[in-house]
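Asker: quick check, what structure comes out for this input:
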Amino acid sequence: QVQLVESGGGLVQAGGSLRLSCAASGSIFSINHMGWYRQAPGKQRELVARITSGGITNYADSVKGRFSISGDNPKNTVYLQMNSLKPEDTAVYYCNALLKPPWAVYEYEYWGQGTQVTVSS
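Answerer: Residues are numbered from 1 along each chain as shown. Prediction:
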């Protein structure tokens, strides 16, 4: 059983900062990558940022220069530092991981339960 547990969401004023954390726990053999997606009301879920186990990152154009993703491999944890937040960043943020449990031949995708980020203007 694999779980992704998120923390760090909340309410912040425009221009402020928040830091999200996501820890993967359970039966994990290896992790390919971890990242964050978000979904605003009435919109599709979109990739925000992703980091591979080797440290390669990619970001949505809308957050480049404002958000930073980092990982702690021994702790199977990923962080998303969000600066200069805008009202349009308001969404439920979901942690995502592509990983291989010990019993598996292939990698599987897992999701966290989501954490609300609200940016007021």
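Asker: straight-line length of stretch 7-25, end to end?
Answerer: 14 Å (Cα to Cα, to the nearest Å).
Asker: residues in contact with that stretch?
Answerer: Taking contacts as Cβ atoms under 8 Å, 6 or more residues apart in numbering, the residues outside stretch 7-25 that touch it are 2-6, 31, 34, 36, 75-87, 93, 95, 97, 99, 110, 112, 115-121. The C-beta positions use only the backbone N, C-alpha and C, and glycine is treated the same way.
Asker: ok, how many other residues are close to residue 50?
Answerer: Around residue 50 there are 20 other residues, counting by other Cβ atoms under 10 Å.
Asker: offset the numbering so it begins at 4, please.
Answerer: I'll keep to 4 as the first residue from here, and by that count the last item is residue 53.
Asker: that one contacts residue 61, correct?
Answerer: Yes. With contacts defined as Cβ atoms under 8 Å, residue 53 counts as touching residue 61 at a distance of 5.4 Å.
Asker: give me the buried subset of the contacts of stretch 10-28.
Answerer: In those, burial by neighbour count holds for 7, 9, 34, 37, 39, 79-83, 85, 88, 96, 98, 100, 102, 113, 115, 118, 120, 122, counting by 16 or more other Cβ atoms under 10 Å.
Asker: show me how far the helix or strand where residue 14 lies is from its chain's centre.
Answerer: Under the criterion DSSP states H and E, the helix or strand holding residue 14 is strand 13-16. When distances are taken as Cα atoms, centre = their mean, to the nearest Å, strand 13-16 is centred 17 Å away from the chain's centroid.
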